[in-house]
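# Structure of the sequence below:
(one chain, ligands or ions: 1)
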Amino acid sequence: MSEEKITLYPSNWLYNAGVVGLLKVLEYNKISFEINEQVIINKSAIKESYEGIFQYHKEVLEEDFSIWGKNKRYPNYIQSGQKEFFKNYYVEALPRVEKNGNKKCSWCEGYFIPLELLEELERKFSGRDFSAFMEQREKFQGIHFAGLGAAITEVPNSFWNLNFSIPICHLCSYLIIFNHLAFIKTSEGEIFINAPDFKLIWDLNRFAENLLQKSKEYGIRKILGSSLLQWAIKRRALLGAWTMMNIEVIVKKRVRRNNTFENIIDYFDLPQDITKILLDYEIASLIEEIKEEKIFDLILQGKFSEIEKANYFVLKAILKLKNKEKISENDPIKKYFTNNNLEYLKKVSGILPELYLKILEKIGR
Ligand SMILES: [Zn+2]
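Numbering: from 1, shown residues only. The predicted model follows:
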């Protein structure tokens, strides 16, 4: 008997998005999994996820999902005539994948359907060319990312390992049909926050989704920044420098090129200093306590010295308010604070200097 569980380790963003998409389907269908830096699933979950992905599209996304023939997401992933074979035999065989001494996967540890099972599959195969069908399951190619557009084929080397026609395993070629589920709609395109740690990816994307329920208009910088801040506050954990350095947002955009629309892939990340600051529990808590988007924006833009300036105007405003003077519309305080209430400003004047000091300490200035 082979292992009943499979451990999935973080890899390139496309693979990670596939895993996160799978987890969304498993979660929706109440199929258990473990998530930490790695993800551990029961092999049986692979088969269950196939029914699950159709159900998820129907019930959550209210969309018909298809992977055969011409279709919106994964055109020709399988041929129309292979639909029944794929469901009844191929997907049935997938939970029995195991490591193979002769074949390697460029993305994961490499999980392949054992040879004796492949022979059985070949007897059930409905098409003409079984080896061509299998070859498509062992190479990363057009059928796996048609929905992602030309970007990958044009500049293969700028993608961690996402070269054209590289060897992948049966499990990866299956996981890939879940990748679109990991993406979140924003006003700047669909995004997926990637990191070298699955729990971190899971959390950050969840926080981003929650934030977007408040406003659809948030830009990517703000979405990423807020997710990091939430993570620091809710998880209170320390991340390694390497992990922090490798948090990035993958952005899927539709652009007009030569009169047709194309999907392109773009990347976004925050400067290291800003990431470090937002992931610091104490700093994040102070920012949260201030509850002012304008101050948060300053930090997101790396304008740290403006915090000191802001505090100067806060103190001046407090004096004015104490003297029963009115704060005029063009008072500099308006540039930094929406709320000009005396009690609030008093509270903030106690936080800003501490926040500024902690930021300087964190970035070593
Ligand atoms: Zn693989």
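# Roughly how far does the spatially most distant residue from the centre of the chain sit from residue 317?
Residue farthest from the centre of the chain, counting by Cα atoms, centre = their mean, is residue 323 at 50.9 Å. From residue 323 over to residue 317 the distance is 11 Å, taken as Cβ to Cβ, to the nearest Å. Backbone N, C-alpha and C define where each C-beta goes, glycine included.
# Now whichever helix in the chain runs longest: buried residues?
Counting residues, the longest helix found in the chain (DSSP state H) is helix 342-363. By 16 or more other Cβ atoms under 10 Å, the buried positions in helix 342-363 come out as 344-345, 348-349, 351-352, 355-356, 359, 362.
# Show the average pLDDT along that helix.
Per-residue pLDDT values over helix 342-363 give a mean of 97.
# Stretch 125-141 too?
For stretch 125-141, mean pLDDT rounds to 87.
# How far off centre is that stretch?
Remark: stretch 125-141 is offset 30 Å from the chain centroid, using Cα atoms, centre = their mean, to the nearest Å.
# Which residues does it contact?
Contacts of stretch 125-141 with the rest of the structure, by Cβ atoms under 8 Å, 6 or more residues apart in numbering, involve 78-79, 81-82, 84-85, 89, 103, 106-107, 118, 121-122, 143, 162-170, 172-174.
# Compute the first-to-last residue distance for that stretch.
In stretch 125-141, first residue to last residue: 22 Å (Cα to Cα, to the nearest Å).
# Go through it and flag the buried ones.
Under the neighbour-count criterion of 16+ other Cβ under 10 Å, stretch 125-141 has 125, 130, 133-134, 136-141 buried.
# likewise stretch 168-185?
For stretch 168-185, a neighbour-count test (16+ other Cβ under 10 Å) marks 168-184 as buried.
# do the same with stretch 327-342
The neighbour-count check on stretch 327-342 (16+ other Cβ under 10 Å) flags 327, 331, 333, 336-337, 340 as buried.
# Following element in sequence after the helix or strand harbouring residue 306, please.
Per DSSP states H and E, residue 306 falls inside helix 305-322. The helix or strand immediately downstream of helix 305-322 is helix 333-336, counting by DSSP H and E.
# just checking, what packs against that following helix?
helix 293-300, helix 305-322 (3 or more Cβ pairs under 8 Å, 6 or more residues apart in numbering; DSSP states H and E).
# Tell me which of those sits nearest to the ion.
Among the helices and strands packed on helix 333-336, the nearest to the ion by Cβ to the ion is helix 293-300 (36.4 Å).
# What angle do helix 305-322 and that closest one make with each other?
160 degrees (axes from the mean of the first three to the mean of the last three Cα atoms, to 10 degrees).
# For helix 293-300, name the packing helices and strands.
Against helix 293-300 (3+ Cβ pairs under 8 Å, 6+ apart) you get helix 220-235, helix 272-278, helix 281-290, helix 305-322, helix 333-336.
# ranking those by burial, who's on top?
Counting by mean count of other Cβ atoms under 10 Å, helix 220-235 has the highest mean neighbour count of the helices and strands packed on helix 293-300, with a mean of 21.
# Could you list the residues in contact with that one?
Residues contacting helix 220-235 (Cβ under 8 Å, 6+ apart): 186, 188, 191, 193, 200, 203-205, 207-208, 211-212, 218, 247, 249, 251, 268-270, 274-275, 278-281, 283-285, 287-288, 296-297, 299-300.
# hmm, back to that, residues making contact with the helix holding residue 306?
In contact with helix 305-322 (Cβ under 8 Å, 6+ apart) are residues 295, 298-299, 326-327, 331-333, 335-337, 340, 342, 345-346, 348-349, 352-353, 355-356, 359.
# quick one: contacts for the closest residue to residue 8 other than its chain neighbours?
Spatial nearest neighbour of residue 8, excluding adjacent residues (Cβ to Cβ, 6 or more residues apart in numbering): residue 39 at 4.4 Å. Residues in contact with residue 39, defined by Cβ under 8 Å, 6+ apart, are 7-8, 19, 23, 33, 198.
# Show me where this protein has its strands.
5-8, 33-35, 39-42, 184-186, 189-194, 248-257, 260-268 (DSSP state E).
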